[in-house]
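S.K.: Test case, fold it:
(chains A and B)
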Amino acid sequence: GAGVSQSPSNKVTEKGKDVELRCDPISGHTALYWYRQSLGQGLEFLIYFQGNSAPDKSGLPSDRFSAERTGGSVSTLTIQRTQQEDSAVYLCASSPSGGVYEQFFGPGTRLTVL
Amino acid sequence: AQSVAQPEDQVNVAEGNPLTVKCTYSVSGNPYLFWYVQYPNRGLQFLLKYITGDNLVKGSYGFEAEFNKSQTSFHLKKPSALVSDSALYFCAVRAYNTDKLIFGTGTRLQVFP
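M.R.: Below is the predicted model of the structure:
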């Protein structure tokens, strides 16, 4: 079946511009996660959605970052007024629920802020 | 605080030799532990997990991992390495009372012919 998809695969933007990154989770998965992977770094948790519960936003690095999940499916991560330090690969993952289930990752969006 | 440590940035091994990639963790309560692999320019792929039960868990591509509660470790192992195993490996633990994963910084495995 179809896995997690993300778009665009690459995004180059200028400092100060806003960007939107999209994630399509696996159908039926109630949990959706966003992570950031900077060059040479591990994965940094950003935000987590589980069903209709309030999202866990504890990993968002600043108020320039926000995310929404519409209809319990597609999610959009928005970065406002991008900075060069936002350059990274943004990974989305989904799972059937939380807890014991492994997360299935998308291929990521490589964001470059010039 | 809950954390995962992968003490080796890189592990080098000759093809055919056994390999071990180390992982230790600190978490409140019973840990849920995971290993993922990332090939170049690809997303993360799930390898295996420990939830409960047998301390030795087997996963994809011939990998296995041993949960050791007293040493708070979850080392990844494979009896005979392949060049195609060369990739970046991440250990992760589920944080207490949440569903988010805390990842280690990753270990690059290089298998030489």
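
S.K.: Quickly note the distance from the residue in chain B positioned nearest to chain A to residue A:53.
M.R.: When scored by C-beta to the nearest C-beta, chain B has residue B:99 as its residue closest to chain A, at 2.6 Å. Just so you know, the C-beta spots here come from the backbone N, C-alpha and C atoms, and that holds for glycine as well. Distance of residue B:99 to residue A:53, given as C-beta to C-beta, to the nearest Å: 10 Å.

S.K.: These two: who's more crowded?
M.R.: More neighbours surround residue B:99 than the other of residue B:99 and residue A:53, with 20 against 12 (other C-beta atoms under 10 Å in any protein chain shown).

S.K.: Near the spatially closest residue to residue B:42 that is not a sequence neighbour, how many other residues are there?
M.R.: In this structure, residue B:42 finds its nearest non-sequential neighbour in residue A:107, 6.5 Å apart by C-beta to C-beta, 6 or more residues apart in numbering or on different chains. By other C-beta under 10 Å, the residues close to residue A:107 number 18.

S.K.: can you check residue B:45 too?
M.R.: 16.

S.K.: How about it: what's its closest non-neighbour residue?
M.R.: What sits nearest to residue B:45 in space, not counting adjacent residues and going by C-beta to C-beta, 6+ apart, is residue B:37, at 5.3 Å.

S.K.: same thing with residue A:11?
M.R.: residue A:111 (5.1 Å).

S.K.: and if you look at residue A:68?
M.R.: Sequence neighbours aside, residue A:76 is the residue nearest to residue A:68 in space, at 5.8 Å (criterion: C-beta to C-beta, 6+ apart).

S.K.: Is the one you found inside a helix or a strand, and which specific one?
M.R.: Remark: residue A:76 resides in strand A:75-79, with elements defined by DSSP states H and E.

S.K.: what does residue A:47 give?
M.R.: Secondary structure (DSSP H and E) places residue A:47 in strand A:43-50.

S.K.: tell me which parts of chain A are close to chain B?
M.R.: For chain A, the residues in contact with chain B (C-beta under 8 Å from any C-beta of the partner chain) are A:4, A:31, A:33, A:35, A:41-43, A:45, A:48, A:50, A:56, A:59, A:91, A:93, A:97-100, A:102-108.

S.K.: how close does residue B:6 get to residue B:20?
M.R.: Look at residue B:6 and residue B:20: by C-beta to C-beta, they are 12 Å apart.

S.K.: neighbour-wise, which of the two wins?
M.R.: Ranked by neighbour count (other C-beta under 10 Å), residue B:6 and residue B:20 place residue B:6 first, with 20 against 15.

S.K.: picking up where we left off before, how near is the residue of chain B closest to chain A to residue A:108?
M.R.: 21 Å.

S.K.: Repeat that for residue B:74.
M.R.: With the distance defined as C-beta to C-beta, residue B:74 ends up 25 Å from residue A:108.

S.K.: What separation is there between residue A:10 and chain B?
M.R.: Distance, residue A:10 to chain B, using C-beta to the nearest C-beta, to the nearest Å: 11 Å.
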